[in-house]
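Colleague: need a structure here:
(4 chains)
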2 protein chains.
Amino acid sequence: MYDKSILSQRVAESIKQMILDKDYHPGDKLPNEIEMTQMVNVSRSTIREAIKILVSTNILEVRRGKGTYVSDKPGLTKDPLGMDFINEDRLLMDLFEIRLLLEPEMTKLAVQRGRPSDFDKIFQTYEIVSEQIKSGENHTEADIAFHTAIADASHNIIMNRIVPLINEGIVGGYLKTKDNPESAEEVLRQHEKIVDYIKQRNPQKAKKAMQDHILYGLQGFKGYN
Amino acid sequence: MYDKSILSQRVAESIKQMILDKDYHPGDKLPNEIEMTQMVNVSRSTIREAIKILVSTNILEVRRGKGTYVSDKPGLTKDPLGMDFINEDRLLMDLFEIRLLLEPEMTKLAVQRGRPSDFDKIFQTYEIVSEQIKSGENHTEADIAFHTAIADASHNIIMNRIVPLINEGIVGGYLKTKDNPESAEEVLRQHEKIVDYIKQRNPQKAKKAMQDHILYGLQGFKGYN
DNA sequence: AGGTCTGAAAATGTATGATAAATCGATACT
DNA sequence: AGTATCGATTTATCATACATTTTCAGACCT
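Modeller: Predicted coordinates for the structure are as follows:
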């Protein structure tokens, strides 16, 4: 996840792995904490901290006096067949669902409420992304900065928090950013469009451009599977 | 958060409260774990579990060997112009803005994707809210449970995380829930409408009903100021 | 003076063992 | 048959000790 030098986080990883390997299904009961300490050979405190981490990411749920169970909440496929533990594709779909709701409207607000310094930041990050795309570099990070700059410009404090959350972290942090085979030139064009409409202070068209941009990403992702 | 009978969760709440009361700001350092045990009068394990909860919701961050800090990820306004602390009314407006984007669509998805058990949960929480409203009790908590149940039914793992965040929480813990003077009977009617459309498995109308519900809340809040 | 090393201080991380509280089923009693 | 109690299982909490990381002041060397 993040810092692998912290034992409880490593243990959290190996519990996830164990769930995969030993073919646990949502709803199944895990060994109790004592048994786990022996299996992984760490103290109970560490096991419990690891479990807390997995609970906070919806992977496990704990019922006092009963045991620890694999969560049957979403994110875990209940497919009798596929059963791939956390279905990353599904998670990505969910992500697009949210972004499609938030980011276009946010772009509109950015145009309406942004200040000069906000726009500067947007243009600036836009340039970086463009260069990286042209030179064929990996531009995920810069792309996040671009979207975040727009979110900031919306001056909605909540959006400010949510957008980075869904872009970077990915809400809990266990979704690896996935390369969807988007056409670099197309993305470039779409970004340019967004920036242009922002420069023109046209909220509606900027919103639409952002919507198209996200839809394109969604489309590419869906087609990929 | 959910089950108040679990001490560490209650402690998490009181830490949040302490942050509010003692006027901690993002980036500030909290008392160390030992001191906190004395302040709250619980063991260090419990303090640590409480902190873990707040870390997982981005309210705190822990730096080993240094201390525990109020997260600075949230958008505390870094306005060049004064505006040092957050205007709560403004924050509530922002909150409604987001809810208006997310929750109606989420309700639609809930109808489309929910399972029987999800619907049961929704109806169940609905009943609780109704009774509390009728008897004149404070129904904020039950109301949150109601909205959360709908969010859960949408089976979008991201929404699952965001909706509780914005409903309970106060997005980082800075916003005290504020009573807006909504008409109890009107809210009752609106909830009934939402539930009815869910029962009828009518996603569009359910979505619309939720939208009206939130708009009503927004309206009441705006009129209040 | 200036850099480097060392070691204490402060804080979180981990280990260990004991006790409390919740859950559930079995057993005994009415 | 019901129900009340007890015991086994398991998580929750407490208490204490030790480990590891981070920081920084002060000794030490050049």
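Colleague: tell me which parts of chain A are close to DNA strand C?
Modeller: Neighbours of DNA strand C within chain A, by CB under 7 Å from any atom of the strand: A:6-8, A:42-46, A:49, A:63-66. All C-beta atoms are positioned from the backbone trio N, CA, C, and that covers glycine.
Colleague: filter the residues you listed down to the ones near chain B?
Modeller: Among those, the residues lying close to chain B (CB under 8 Å from any CB of the partner chain) are A:6, A:45, A:49, A:64.
Colleague: Tell me which of the residues of chain A next to DNA strand C fall in strands.
Modeller: Under the assignment DSSP state E, these contribute residue A:63 to strands.
Colleague: Considering only the residues of chain A next to DNA strand C, which also neighbour DNA strand D?
Modeller: Restricting the residues of chain A next to DNA strand C to those within reach of DNA strand D (CB under 7 Å from any atom of the strand) leaves A:44-45, A:63-66.
Colleague: Most neighbours among those residues, which one?
Modeller: residue A:45 (14 neighbours; other CB atoms under 10 Å in any protein chain shown).
Colleague: That one contacts residue B:44, doesn't it?
Modeller: No. Using CB atoms under 8 Å, residue A:45 is not in contact with residue B:44, being 10.2 Å away.
Colleague: helices and strands around the one helix or strand residue A:97 maps to, which ones?
Modeller: Applying DSSP states H and E as the criterion places residue A:97 in helix A:88-113. For helix A:88-113, the elements it packs on are helix A:140-153, helix A:157-164, helix A:184-199, helix A:203-223, helix B:88-113, helix B:157-167, judged by 3 or more CB pairs under 8 Å, 6 or more residues apart in numbering or on different chains; DSSP states H and E.
Colleague: about what we covered before: out of the residues of chain A next to DNA strand C, which are inside helices?
Modeller: A:7-8, A:44-46, A:49 (DSSP state H).
Colleague: before we move on, back to that, okay, the residues of chain A next to DNA strand C in TSV with pLDDT next?
Modeller: Compiled in TSV, these are given as follows (pLDDT from 0 to 100):
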residue	pLDDT
A:6	85
A:7	92
A:8	92
A:42	95
A:43	95
A:44	95
A:45	94
A:46	95
A:49	94
A:63	92
A:64	91
A:65	92
A:66	93
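Colleague: domains in chain A, as residue ranges please.
Modeller: Structural domains annotated on chain A: A:7-70, A:88-223, as defined by automatic domain parsing.
Colleague: Quick check: end-to-end length of the shortest one?
Modeller: Domain A:7-70 has an end-to-end distance of 21 Å (criterion: CA to CA, to the nearest Å).
Colleague: now stretch A:14-34
Modeller: In stretch A:14-34, first residue to last residue: 16 Å (CA to CA).
Colleague: would you list the helices and strands packed on helix A:88-113 in a markdown table and tack on distance to DNA strand D and mean pLDDT?
Modeller: Listed next are these as a markdown table, based on distance: least, CB to the nearest atom of the strand, whole Å; pLDDT from 0 to 100:
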| stretch | distance to DNA strand D | mean pLDDT |
| --- | --- | --- |
| helix A:140-153 | 23 | 85 |
| helix A:157-164 | 23 | 73 |
| helix A:184-199 | 37 | 91 |
| helix A:203-223 | 36 | 85 |
| helix B:88-113 | 28 | 87 |
| helix B:157-167 | 18 | 70 |
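Colleague: Looking at these, spot the one closest to residue B:215.
Modeller: Among the helices and strands packed on helix A:88-113, helix B:88-113 comes nearest to residue B:215, with 7.0 Å by CB to CB.
Colleague: Go ahead and measure how far that closest one is from the middle of the chain.
Modeller: Taking the mean of its C-alpha atoms, helix B:88-113 sits 12 Å from the chain's own mean (CA atoms, centre = their mean, to the nearest Å).
Colleague: Can you add mean neighbour count and give the helices and strands packed on helix A:88-113 back as JSON lines?
Modeller: What follows is the helices and strands packed on helix A:88-113, written out as JSON lines (neighbours: other CB atoms under 10 Å in any protein chain shown):
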{"stretch": "helix A:140-153", "mean neighbour count": "21"}
{"stretch": "helix A:157-164", "mean neighbour count": "24"}
{"stretch": "helix A:184-199", "mean neighbour count": "17"}
{"stretch": "helix A:203-223", "mean neighbour count": "17"}
{"stretch": "helix B:88-113", "mean neighbour count": "21"}
{"stretch": "helix B:157-167", "mean neighbour count": "23"}
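Colleague: for those, which one sits closest to residue A:34?
Modeller: Closest of the helices and strands packed on helix A:88-113 to residue A:34 is helix B:157-167, at 30.8 Å (criterion: CB to CB).
Colleague: So what's the residue count around whatever residue of chain A ends up closest to DNA strand D?
Modeller: Nearest residue of chain A to DNA strand D: residue A:32, at 3.0 Å (CB to the nearest atom of the strand). Applying other CB under 10 Å, we find 12 residues neighbouring residue A:32.
Colleague: do the same with the one 4 residues further on
Modeller: Residue A:36 sits with 22 neighbouring residues when counted by other CB under 10 Å.
Colleague: ok, it touching residue A:47?
Modeller: Yes. Here residue A:36 reaches residue A:47: they are 4.9 Å apart, a contact under CB under 8 Å.
Colleague: what's near enough to touch residue A:64?
Modeller: Going by CB atoms under 8 Å, 6 or more residues apart in numbering or on different chains, residue A:64 touches residue B:6.
Colleague: Can you tell me the SS state at residue A:26?
Modeller: coil (DSSP: H, G, I helix; E, B strand; the rest coil).
Colleague: That one contacts residue A:60, correct?
Modeller: No. With contact defined as CB under 8 Å, residue A:26 does not count as touching residue A:60 (10.3 Å).
Colleague: Mind listing the shared neighbours of those two?
Modeller: A:70-71.
Colleague: shouldn't residue A:111 be in contact with residue A:205?
Modeller: No. Using CB under 8 Å, residue A:111 is not in contact with residue A:205, being 9.0 Å away.
Colleague: wait, isn't residue A:211 in contact with residue A:104?
Modeller: Yes. Counting by CB under 8 Å, residue A:211 touches residue A:104, with 4.1 Å between them.
Colleague: Give the buried residues for stretch A:121-135.
Modeller: A:121-122, A:125-126, A:129-130, A:132-133 (16 or more other CB atoms under 10 Å in any protein chain shown).
Colleague: wait, which of those residues is closest to chain B?
Modeller: Of all those, residue A:121 has the smallest distance to chain B: 11.7 Å, by CB to the nearest CB.
Colleague: Who are the contact partners of the closest residue to the closest one other than its chain neighbours?
Modeller: When the adjacent residues along the chain are set aside, residue A:121 lies closest to residue A:149, with 4.6 Å between them (CB to CB, 6 or more residues apart in numbering or on different chains). By CB under 8 Å, 6+ apart, the contact list for residue A:149 reads A:118, A:121-122, A:124-125.
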